[in-house]
Each structure stands twice: as structure tokens, then as C-alpha cells.
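> I'll drop the sequence and a predicted model, then ask my questions.
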Amino acid sequence: MIMQAEGCLDAAFAALADPVRRAIIARLSRGPATVNELAEPFDITLQAVSRHIGVLEAAGLVSRTREAQRRPVHLDAAALERLTSWIDRYRLEAESRYRRLDAVLTTHQTSDTPNREKRS
């Protein structure tokens, strides 16, 4: 199960490595959109945008539905939440280490201050 979860994370982070795909995700955060709507701000072909959407879909970050002739693309907010949770876990660990380091440095500076005054 862990290997499968790591594979999903790898695919999601790889998909988000591209600035066009990040922009598509940003646009979809405001609501579903068609390929034509997603392609508007880019100077690339519809086919290229469709390929980017395919990468995002394979990574589990977006899905497509059919509404009559439209095929809107939807953001999978739960997938982004899994990425955020993974990042937050390591961010919190790093912050905890920095707080401990700050405490050690503060203690060291406080204990070193009287020694400096004696030398003067």
C-alpha cells in the first residue's frame, strides 16, 4: 500500500513539475472548464493542452465528465489535499527541528553574554 501511495505522489509531483499543468490546476481551482477554455491563455495547440490534461488525469489530479456535447475537466480536490498533507508532515518536522535549534542557540547566546562582559 505504501508503494502504491508513493507512486501516486510521484505521478502527481511529476505532473505538477510543468508550469502549464500548474496553470491548468490553478484555473480548475475556480471551477470546471473545457479544453478550449483551459487553452485560452496559452500559445499552444488544443492537442498540447489535451496532452497536459491527460498527464494530470493519469496522475489522478483531474477528471473529465460528459455533459451533452461538453467534456468539462474537474479538479480532484482530495488528490491535492493528499499532496498537501504529505508536504505538511515534513514541513512540521522541519519546523520542530528549527525551533529546537533556536532554543539551543538562544541558550548558548545567553550563557555566553556574561563571559563577553568579563573580557571587556
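All right, it came through fine.

> the closest residue to residue 72 other than its chain neighbours and residue 41: what is the separation?
Nearest residue to residue 72, sequence neighbours excluded (CB to CB, 6 or more residues apart in numbering): residue 32, at 4.0 Å. Every C-beta, even on glycine, is put in place using the N, C-alpha and C of the backbone. Counting by CB to CB, to the nearest Å, the separation of residue 32 from residue 41 is 16 Å.

> quick one, which of those two is more surrounded?
residue 32 (19 against 11; other CB atoms under 10 Å).

> report the contact partners of the more buried one.
By CB atoms under 8 Å, 6 or more residues apart in numbering, the contact set of residue 32 is 65, 72-75.

> filter those to the buried ones?
Neighbour counting with 16 or more other CB atoms under 10 Å marks 72-73, 75 as buried within those.

> which strands or helices does the helix or strand harbouring residue 94 pack on?
Using DSSP states H and E, residue 94 sits within helix 77-119. Counting by 3 or more CB pairs under 8 Å, 6 or more residues apart in numbering; DSSP states H and E, the packing neighbours recorded for helix 77-119 are helix 2-16.

> so after the helix it packs on, what's the next helix or strand?
In N-to-C order, the element after helix 2-16 by DSSP H and E is helix 19-28.
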